[in-house]
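Visitor: what would the 3D arrangement of this be:
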Amino acid sequence: MSETRTTPAARLETEEADSIRALATQLRVDSIRCSTNAGSGHPTSSLSAADLMAVLLMRHLRYDWERPLLPNNDHLIFSKGHASPLLYSMYRAVGVVEEDELLNTYRQFGARLQGHPTPVLPWVDVATGSLGQGLPVAVGVSLAARYLDKLPFHTWVLCGDSELAEGSIWEAIDKAAYYKLGNLTAIVDVNRLGQDGPTELQWDMDAYTRRVEAFGARAIVIDGHDLGQIDDALGRARSEAEQPTVILAKTIKGKGVPEIEDRNGWHGKALPADMAGKAIAGLGGPSSVQATTRLPEPGTPAITPGAKAEVTLPQWKAGDKVATRAAFGAAVSALAVRPEVVVLDGEVGNSTHAGDFKEVAPERYFEIFIAEQQLVAAAIGLSVRGYVAFASSFAAFLVSRPFDFIRMAGVSEVDIRLVGTHAGVEIGQDGPSQMALEDIAAMRAVHSSTVLYPADAPSTAQLVSAMADTPGISYLRATRGAYPVIYGPDEQFPLGGSKVHGASADDQVALIGAGVTLHECLAAAEELAQSGIKARVIDLYSIKPIDVDTLRRTCLETDGRIVVAEDHYAQGGIGSAVLEALASANTPKLHLALLAVRELPGSGEPKDLLNAAGISARHIAAAARDLVLE
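Guide: Modelled structure (predicted):
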């Protein structure tokens, strides 16, 4: 059963308890003031957690507010990001946000106090507001603390009870327990009411407890408005060495404003000015309580980044048949000489070849199992701590299942590297459930993303190496099958570039491919040459950013005749990227044929599936002939 204590507030020294109570009141008043001034926000969700955060701020958080990048600072993540009025009121209390900024810029255009927190504020690790994400990211932060930094800082996460309906929360608790993350505490604000009525479990604290304990964490049930119980629970959480703690705090939504306490219909609504004035007066009016947070002990991470370490990438001979997924494994293993490089995989490391890294640096390899949301979230958390994190799985699952985490990573503008293998109909017999045919479109749409699709082993190795130092979210698409090496070991592959094969002044058509279709384009060019049609081939290994200059020049030099072939659905993939790049008044008349997967594929041999989809060499050659002879 859960641990429940009824420690009275008197356990705190009376003077300190009074100070904390005054701070909690101020946090409530400021949450009301800033949201009412803005005309929007979530004051009731902030009021319920004010006591929890007041005790944390003054008694248990260890943080130097003037030096947010201090290695041994605790981390505080608001998974319930809609409670931003509370978070920003805390910032005012510790003196890093002025009262004027809080009251007059919250939720205003151009201001940094946005409706949900983002890292535009130096004390915010990641953007939150998409529920169920803060705790999974905190697992990555805590993994870094325990296994890499080897520092005693603690990660605290404020969760809402509504978000415990998200499966990602339970993935996080499960993996936190598996990795014995005693340095992680989730504080759940169980205020019973969600956006549209009661939450699933309301105040059934026993049910919450059973779930938490079933996933391997320690549950502590408290009255979330009793300062003594809060203090005791936070203290016990910090002292736990090898088991994550979930504090289940029973609270009242809208606490402190009798008119709206535990009343449905007030979620996400700012109090009208008259009601806000009455509520603030009832709470004693505005105040200027200054909260003092304990400073962390000095500490230095056990790992020092080695970005200048000499990396020797693997080499292959021309004509060798190598799967680009295997080249990824070899290349990322070569990057292991940089001690900040970390690899995570979703229980498919023997297929993605991420497992190769485990052989050379097992202490920096994290198995997240079949939990792709947690896989990406952990990579984000490791990035927060400055690690160069690569996360890999089959492309169909790496992109689709955790897509919202990837999207939010873009909002956070963190640096993560994703490698999706087994993409397209090329994978063959496994069938359509395993075929990533939407991944390029999805990843191109993400803010700060880079999308790469190499065709052979040397280009893969070069691009994996480049990803290590690429800001934002980089995604590399890798094939299942083995294909001939076509590039030499000294060939360079800058992001935003392309490779042009067989260009001449009298080319009649250009064939554009990437990954598997690059090889089909090269075969098609040979077939066309036999019939007297001169075609150049463009390896569009960098889909985002894309080589606009080469595409426009090609358009000019081939009278606008271009064939694009891609192992992806027609919507949003390589063809779309090419058309967007050519969408300019300077582009000459364009005659473009797009060969893409347009029907639901089935199982079969890769060559048969490429043929059936109309993206094999003979289809590319036929499309080129049509353009030249029309």
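
Visitor: okay, now the unreliable bits of this protein?
Guide: Applying pLDDT under 70 to the chain flags residues 1-11.

Visitor: mind doing that once more with 90?
Guide: Residues of the chain meeting the criterion pLDDT under 90: 1-15, 240-241, 306-308, 584-589, 630.

Visitor: longest strand in it, by residue count?
Guide: strand 561-569 (DSSP state E).

Visitor: isn't residue 236 up against residue 245?
Guide: Yes. Applying C-beta atoms under 8 Å, one finds residue 236 in contact with residue 245, separated by 7.3 Å. C-betas here are computed from N, CA, C, even on glycine.

Visitor: ok, residue 491 - contacts?
Guide: Residues near residue 491 by C-beta atoms under 8 Å, 6 or more residues apart in numbering: 458, 459, 462, 499.

Visitor: now, which of those lie within helices?
Guide: Using DSSP state H, the subset of the contacts of residue 491 located in helices is 458, 459, 462.

Visitor: ok, residue 433 touching residue 396?
Guide: Yes. Using C-beta under 8 Å, residue 433 is in contact with residue 396, at 7.4 Å.

Visitor: those two: which is more packed in?
Guide: It is residue 396, of residue 433 and residue 396, that has more neighbours when counted by other C-beta atoms under 10 Å, with 23 against 7.

Visitor: so how far is residue 624 from the closest residue to the more buried one other than its chain neighbours?
Guide: Nearest residue to residue 396, sequence neighbours excluded (C-beta to C-beta, 6 or more residues apart in numbering): residue 436, at 4.2 Å. Residue 436 sits 27 Å away from residue 624, going by C-beta to C-beta, to the nearest Å.

Visitor: could you pull out the strands for the stretch 251-400 of the chain?
Guide: Along the stretch 251-400 of the chain, counting by DSSP state E, counting those that start in this stretch, strands occupy 321-323, 341-345, 365-367, 388-394.

Visitor: partner strands of the second one, with direction?
Guide: Within its sheet, and counting by DSSP bridges, strand 341-345 is paired with strand 365-367 (parallel), strand 388-394 (parallel).

Visitor: so which of those gets nearest residue 127?
Guide: Counting by C-beta to C-beta, residue 127 lies closest to strand 388-394 out of these; the figure is 17.3 Å.

Visitor: quick one: residues in contact with the closest one.
Guide: If you take C-beta under 8 Å, 6+ apart as the criterion, strand 388-394 is touched by 140, 328, 332, 335, 338, 340-346, 348-349, 351-352, 354, 357, 372, 375-376, 378-380, 382-383, 398, 415-422, 434, 436, 464, 467-468.

Visitor: among these, which ones are in helices?
Guide: 140, 328, 332, 349, 351-352, 357, 372, 375-376, 378-380, 382-383, 398, 464, 467.

Visitor: out of those residues, which end up buried?
Guide: 140, 328, 332, 349, 351-352, 357, 372, 375-376, 378-380, 382-383, 398, 464, 467 (16 or more other C-beta atoms under 10 Å).

Visitor: which SS state does residue 510 fall under?
Guide: strand (DSSP: H, G, I helix; E, B strand; the rest coil).

Visitor: bridge partners for it, pull those for me.
Guide: Residues in beta-bridge contact with residue 510 (DSSP bridges): residue 536, residue 562.

Visitor: quick one: contacts for it?
Guide: Here residue 510 is in contact with 535, 536, 537, 538, 554, 555, 558, 561, 562, 563 (criterion: C-beta under 8 Å, 6+ apart).

Visitor: list just the nearest of those residues to residue 322.
Guide: So of those, ranked by how close each gets to residue 322 (C-beta to C-beta), first place is residue 537, at 19.9 Å.

Visitor: what sits closest to residue 397 if chain neighbours are left out?
Guide: residue 372 (5.3 Å).

Visitor: before we move on, back to that, the longest strand of the chain: what's the following helix or strand?
Guide: Helices and strands here follow DSSP states H and E; after strand 561-569, the next one along the chain is helix 574-581.

Visitor: what helices or strands is that next one leaning on?
Guide: helix 439-444, strand 509-513, strand 542-544, helix 548-557, strand 561-569, strand 591-597 (3 or more C-beta pairs under 8 Å, 6 or more residues apart in numbering; DSSP states H and E).

Visitor: got the contact list for that helix?
Guide: 440-441, 444, 453, 512-514, 540, 543-544, 546-548, 551-552, 562, 564, 566, 568, 592, 594, 596.

Visitor: residue contacts, residue 618?
Guide: Counted by C-beta under 8 Å, 6+ apart, residue 618 has contacts 524, 527, 611.

Visitor: and residue 489, how many residues sit next to it?
Guide: Burial of residue 489 is recorded as 15 neighbouring residues (other C-beta under 10 Å).

Visitor: so it makes contact with residue 458?
Guide: Yes. Between residue 489 and residue 458 there is a contact under C-beta under 8 Å: 6.0 Å.

Visitor: could you list every helix and strand in contact with the longest strand of the chain?
Guide: Using 3+ C-beta pairs under 8 Å, 6+ apart, strand 561-569 is in contact with helix 439-444, strand 509-513, helix 516-530, helix 574-581, strand 591-597, helix 617-629.

Visitor: which one of those lies closest to residue 49?
Guide: helix 439-444 (34.3 Å).

Visitor: neighbouring contacts of the next helix-or-strand element following that closest one?
Guide: Note on helix 439-444: by DSSP H and E, the next helix or strand toward the C-terminus is strand 449-452. The contact list for strand 449-452 (C-beta under 8 Å, 6+ apart) reads 410, 440, 443-444, 463, 467, 470, 472-477, 495, 541-545.

Visitor: quick one on the thing from earlier: can I get the helices and strands packed on helix 574-581 in JSON lines including distance to residue 134?
Guide: Shown next, in JSON lines, are those (distance: least, C-beta to C-beta, whole Å):
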{"stretch": "helix 439-444", "distance to residue 134": "23"}
{"stretch": "strand 509-513", "distance to residue 134": "41"}
{"stretch": "strand 542-544", "distance to residue 134": "28"}
{"stretch": "helix 548-557", "distance to residue 134": "38"}
{"stretch": "strand 561-569", "distance to residue 134": "33"}
{"stretch": "strand 591-597", "distance to residue 134": "37"}
